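In: need coordinates for the following:
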Amino acid sequence: MATYFPDLSFDPAIPSRRLGELKDMAQEVVIASSTLGGRIAVRTAAALGDRLRFLNSYHSNLIEGHKTSILDIEAALQQDFSGDEQKRYAQELCAAHVRAERVLMAEVLETPPVNICAEDFVSRIHRTIYEQLPSHHLFVHDQGGFTRHAVLPGQMRDGQVSLDGGLTPHGPSADRLPAKFAAFSRAYDPVNFHGDERLIAIAASHHRLVWLHPFRDGNGRVTRLFSGLYLAHAGINRSNLWSLSRGFSRDKQWYMTNLRSADSPDQDRKGFDQDYFADFCLYFLEVCLDQIRFMDKILGLNRIDARIEGYIRDRDKTRGAMDPLDQRSAKLLKALFLQGEVPRGEARSIMGMDHQTDRHARRIVSQLVREGLVCSSSHRAPLTIGFPTQVLRYYFPDIFDPSVLGETTEE
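Out: Numbering: from 1, shown residues only. Okay, the predicted model is just below:
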């Protein structure tokens with residue numbers, strides 16, 4: 001049985017070992033994320049980032065053992081659920097995650113909390129997720145289904161937790177939890193960190209919050225959402241162009257191993273072992289960098305051009321001649337992806353239709369809007385790019401493959 005150390009100190013808040021290496025990698029992450037954001041138009045980034053919230057939800061819940069699909073999440077958001085109890089449970093969880101992330105990210109970007117690590121804000125994350133769920137979800141869930149123990153959304157746990165079936169307690173005892181969370185809040189308050197150390201603190205706080213395990217249930221989801229919000233609060237990945245949860249879920253066991261290793265105490269058993277602590281923070285930053293590089297590669301403009309054209313070709317093959325899409329619309333979609341938005345009056349010129357009537361161009365635009373490929377708030381408003389589900393595996397096949405989408409494709 002593992003030894004239990006419930007009262008380890010958070011001092012130092014960031015690792016004292018390998019700090020130079022951590023700072024170098026943190027700087028690399030910040031630069032790479034900023035470069036990625038600068039390569040894509042603001043309106044395009046906003047539309048794509050909202051689509052990637054589905055990916056965050058999919059992968060965060062996959063880590064917890066609940067597999068669904070993008071199509072099933074979309075269906076759940078429209079109150080369309082599977083008849084299978086386990087599939088419906090996963091649908092409800094993922095849809096709640098998407099809704100909660102939208103609400104909380106808007107709050108962080110528009111009216112940032114004074115201290116994002118404070119108990120009131122972290123509890124708000126937990127409460128916001130569970131507020132999106134039906135009443136039967138408000139009970140602790142285990143492998144056998146829902147238990148009789150209420151989750152108590154937004155409230156600190158009042159009992160001990162274990163991650164190994166009850167063999168070993170995890171984190172501080174319930175009576176020590178308020179004091180330990182207060183120490184966490186003080187230690188990781190963003191005002192304490194500057195420059196490269198801010199990102200290192202985000203990495204460190206991810207482990208510390210998992211170790212605290214402050215709620216009866218839902219701690220992993222809360223922590224991963226918290227880290228995404230903390231990154232945005234620090235000015236990193238504010239458009240949600242890369243997914244931390246996707247990086248963690250690619251090797252769930254390695255993620256869990258790094259978390260548990262960082263639980264190790266130092267020789268005096270007063271604080272956390274600084275070598276394992278540094279290892280976890282490096283792992284966290286490596287995941288960030290890997291996901292940024294992955295997205296940077298697939299967002300290459302030459303690839304997007306070809307993928308847009310590929311979608312339009314395949315769309316007409318599958319729909320037949322009943323409702324063909326003018327091939328020239330690809331030029332408009334490319335322009336929208338690159339520029340973010342285009343005045344309606346320029347659509348005809350962009351599509352190379354200068355010698356045709358405005359009516360013909362308007363019909364094409366109207367069809368694109370109906371299919372969600374183009375968005376516009378009114379018949380006079382500028383046009384922006386849309387990312388309906390049917391285009392995701394064409395535009396971004398490495399992220400939205402058929403298994404993630406829940407689609408089947410014919411060879």
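
In: quick one: the strands in the stretch 101-250 of the chain?
Out: With DSSP state E, counting those that start in this stretch as the definition, the stretch 101-250 of the chain shows strands at residue ranges 139-142, 145-150, 161-162, 169-170.

In: can you mark which positions in the host helix or strand of S349 are buried?
Out: If you go by DSSP states H and E, S349 is part of helix 347-350. Of the residues in helix 347-350, those buried by neighbour count under the rule 16 or more other C-beta atoms under 10 Å are A347, R348, I350. Quick note: C-beta positions are derived from backbone N, CA and C, even for glycine.

In: do the same with stretch 390-399
Out: Of the residues in stretch 390-399, those with enough neighbours to count as buried (16+ other C-beta under 10 Å) are Q390, V391, L392, R393, Y394, Y395, F396, I399.

In: and of these, the nearest to R51?
Out: Of all the buried residues of stretch 390-399, the one sitting nearest R51 is L392; the distance, using C-beta to C-beta, is 7.1 Å.

In: OK, contacts around the closest one?
Out: Residues in contact with L392, defined by C-beta atoms under 8 Å, 6 or more residues apart in numbering, are R51, I70, I399, F400, L405.

In: residues touching the fourth one, list them.
Out: Read it as F400. The neighbours of F400, taking C-beta under 8 Å, 6+ apart as the test, are L55, I70, L392, R393.

In: give me the element the residue nearest to the spatial centre of the chain is part of.
Out: Here the mean C-alpha position of the chain is nearest to the C-alpha of N56 (C-alpha atoms, centre = their mean), at a distance of 3.1 Å. According to DSSP H and E, N56 maps onto helix 42-63.

In: got the phi/psi numbers for the residue lying farthest from the centre of the chain?
Out: Distance from the C-alpha centroid of the chain, by C-alpha atoms, centre = their mean, peaks at H355 (45.5 Å). H355 has phi and psi values of phi -100, psi 10 when expressed as degrees, to the nearest 10.

In: coming back round to it: alpha carbons of the helix holding N56, as CSV, please.
Out: Taking only C-alpha atoms (Å, rounded to 0.1, in the frame of the first residue of the first chain), the coordinates of helix 42-63 have been written out as CSV:
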residue,chain,number,x,y,z
VAL,A,42,-9.6,36.7,-35.9
ARG,A,43,-13.1,35.8,-37.1
THR,A,44,-11.8,32.5,-38.5
ALA,A,45,-10.0,31.7,-35.3
ALA,A,46,-13.2,32.5,-33.3
ALA,A,47,-15.3,30.1,-35.4
LEU,A,48,-12.7,27.4,-35.4
GLY,A,49,-12.0,27.8,-31.7
ASP,A,50,-15.6,27.3,-30.9
ARG,A,51,-15.6,24.1,-32.9
LEU,A,52,-12.6,22.9,-31.0
ARG,A,53,-14.5,23.2,-27.8
PHE,A,54,-16.2,20.0,-28.9
LEU,A,55,-12.8,18.4,-29.2
ASN,A,56,-11.8,19.6,-25.7
SER,A,57,-15.0,18.0,-24.3
TYR,A,58,-14.5,14.8,-26.3
HIS,A,59,-11.0,14.2,-25.1
SER,A,60,-11.4,15.4,-21.5
ASN,A,61,-14.3,12.9,-21.1
LEU,A,62,-12.4,10.2,-23.0
ILE,A,63,-9.7,10.4,-20.3
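
In: please enumerate the strands of the stretch 251-400 of the chain.
Out: Assigned by DSSP E, counting those that start in this stretch, the stretch 251-400 of the chain shows strands spanning 341-342, 374-375, 383-385.

In: tell me which of the ones you listed lies nearest to D279.
Out: When these are compared for distance to D279 using C-beta to C-beta, the nearest one is strand 383-385, at 40.7 Å.

In: now do the closest one: everything it contacts.
Out: Residues outside strand 383-385 that contact it (C-beta under 8 Å, 6+ apart): 43-44, 47, 332-333, 336-337, 340-344, 347, 365, 373-376.
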